[in-house]
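Asker: Sequence below, structure please.
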Amino acid sequence: MKQFLIIWLAVMITDNLLPFILAQYYNGYDHKKMVLSVLGCKQSPVKWYYNIWCIISGIVFVIAAFKIHSFFSGRLSLVVCILVVIYGFGCEIISGLFPLNENRENQDTCSKIHGIGSALGFTSLLFCPLLLGIAAFMADLCVLGTVCILSFVAAFTFFTFFILGEKEKFSQTALQYGGLWQRLTLAFTYIPFIWLVISTLQHSL
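Answerer: Now for the predicted structure:
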């Protein structure tokens with residue numbers, strides 16, 4: 001259990017840092033405007049590294065989902081488990097196996113599968129902090145509950161920015177930075193899990 005938690009923690013940290021490393025080898029990649037999936041697109045010079053990592057990360061998250069139920073009991077933790085499985089499989093494994101085209105105008109079957117998987121997975125992950133927060137408060141873990149709820153509010157806000165930025169009427173505003181809003185959404189949805197893992201590891205010492 002302890003060894004796996006360390007692996008999961010390392011994976012979550014790497015998920016947020018690896019894109020910045022790989023982007024250095026992708027000329028013209030813009031962190032603020034380009035989403036993470038572009039790093040794994042068919043035209044990307046780092047597609048193999050990014051897509052293989054996505055598959056590995058997805059497998060770890062699917063396994064981690066079954067560990068979450070050991071932190072909290074009840075239906076809420078079961079729902080979180082299911083949502084994490086959907087995220088790991090849809091947004092990570094599917095994305096790694098079915099890369100998209102960088103050109104949005106040329107969307108083949110592979111890109112469509114990628115889009116559906118990513119949308120379902122990312123949306124599922126978004127609500128995990130909220131449910132974890134409620135479960136934490138029910139277990140009288142007020143600090144963790146507060147962290148989870150604040151993380152959800154931040155993640156939901158940035159996710160809204162990300163969605164609005166796709167609209168043509170917002171293309172010339174700050175909302176156009178979809179890559180930035182996506183990264184911030186991902187970071188804040190991970191915070192409750194990272195906090196939970198670190199707290200568990202500290203108590204096991």
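
Asker: where does this protein have low pLDDT?
Answerer: Low-confidence segments of the chain, defined by pLDDT under 70: 70, 72-73, 102-106, 204-205.

Asker: hey, where'd the helices end up in it?
Answerer: Along the chain, the segments classed as helices by DSSP state H run 2-22, 47-68, 75-86, 94-97, 109-126, 128-138, 142-164, 178-203.

Asker: for those helices, which one sits closest to Gln172?
Answerer: Of all the helices of the chain, helix 142-164 sits nearest to Gln172, with 12.7 Å by Cβ to Cβ. Heads up, the C-betas are built off the backbone N, CA and C, glycines and all.

Asker: export the helices of the chain to CSV and tack on distance to Ser37 and mean neighbour count?
Answerer: Listed next are the helices of the chain as CSV, based on distance: least, Cβ to Cβ, whole Å; neighbours: other Cβ atoms under 10 Å:
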stretch, distance to Ser37, mean neighbour count
helix 2-22, 10, 15
helix 47-68, 9, 19
helix 75-86, 17, 18
helix 94-97, 6, 22
helix 109-126, 6, 18
helix 128-138, 20, 22
helix 142-164, 13, 18
helix 178-203, 9, 19
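
Asker: Reformat the ones you listed as JSON lines; add distance to Ser171.
Answerer: Listed next are the helices of the chain as JSON lines, based on distance: least, Cβ to Cβ, whole Å:
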{"stretch": "helix 2-22", "distance to Ser171": "23"}
{"stretch": "helix 47-68", "distance to Ser171": "26"}
{"stretch": "helix 75-86", "distance to Ser171": "30"}
{"stretch": "helix 94-97", "distance to Ser171": "25"}
{"stretch": "helix 109-126", "distance to Ser171": "20"}
{"stretch": "helix 128-138", "distance to Ser171": "29"}
{"stretch": "helix 142-164", "distance to Ser171": "10"}
{"stretch": "helix 178-203", "distance to Ser171": "10"}
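
Asker: looking at these, which is closest to Met34?
Answerer: Across the helices of the chain, Met34 has its closest neighbour in helix 178-203 (4.7 Å, Cβ to Cβ).

Asker: elements contacting the closest one?
Answerer: The contact analysis (3 or more Cβ pairs under 8 Å, 6 or more residues apart in numbering; DSSP states H and E) places helix 178-203 against helix 2-22, helix 109-126, helix 128-138, helix 142-164.

Asker: That one to helix 75-86, inter-axis angle?
Answerer: Interaxial angle of helix 178-203 relative to helix 75-86 (axes from the mean of the first three to the mean of the last three Cα atoms, to 10 degrees): 130 degrees.

Asker: relative to helix 109-126, how tilted is helix 178-203?
Answerer: In terms of direction (the same axes, to 10 degrees), helix 178-203 departs from helix 109-126 by 50 degrees.
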